[in-house]
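A.B. asks: Sequence and predicted model, in that order:
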Amino acid sequence: MKYSTKEIAEMSGLTVRTLHYYDEINLLSPKRSSNNYRVYDSINVVILQRILFYKDLGFSLNRIKAILSSSNLSFYDELQTHLNHLLNKRESIDNKIKMIKRVQKENTSMSDNEKLSIFKQNHINNNEKNMVRN
């Protein structure tokens, strides 16, 4: 199937300008017709689907371009990496929620040392995670 830029824009919810920009940065490069109009095919639709998926996950356009152009980076490896990142982020948020609840509950009866020890443990946990990543 062949599609015009306008048709792809309507199908995807993107603007024509965004599709032109993706072409300019060589992220999504459709073929050109004899009158130099962009013509998208089914392969372009699959690529655009992946671009939109990665964007929805929060990937930058530069990262998406690297993923799509690299033979070393598989779709599933990238998903696993991003999943691990999100799980770490969720753990960090969960810890902050626990800390807030604990401070709210115990702040009046906590010693000065206890008030700061919560933050100390959080700092130690973050340093350990950073050491594991490096």
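C.D. replies: Everything's here; your move.
A.B. asks: Taking the centroid of this structure, which residue is nearest it?
C.D. replies: Compute the mean C-alpha point of the chain, and by Cα atoms, centre = their mean the closest residue is G58, 2.3 Å away.
A.B. asks: From E91, how far off is Q80?
C.D. replies: 16 Å (Cβ to Cβ, to the nearest Å). Placement of C-beta: from N, CA and C, glycine included.
A.B. asks: tell me which residues of stretch 4-20 are tucked away?
C.D. replies: In terms of neighbour count (16 or more other Cβ atoms under 10 Å), stretch 4-20 has its buried residues at T5, I8, A9, L14, L19.
A.B. asks: Widest-spaced pair of those?
C.D. replies: Maximum pairwise distance among the buried residues of stretch 4-20 (Cβ to Cβ): 9.7 Å, between T5 and L14.
A.B. asks: So which bits of the helix or strand where R102 lies are buried?
C.D. replies: Using DSSP states H and E, R102 sits within helix 75-106. The neighbour-count check on helix 75-106 (16+ other Cβ under 10 Å) flags E78 as buried.
A.B. asks: Can you tell me how far S42 is from E106?
C.D. replies: 60 Å.
A.B. asks: make that I8, sorry
C.D. replies: With Cβ to Cβ as the criterion, I8 and E106 are 56 Å apart.
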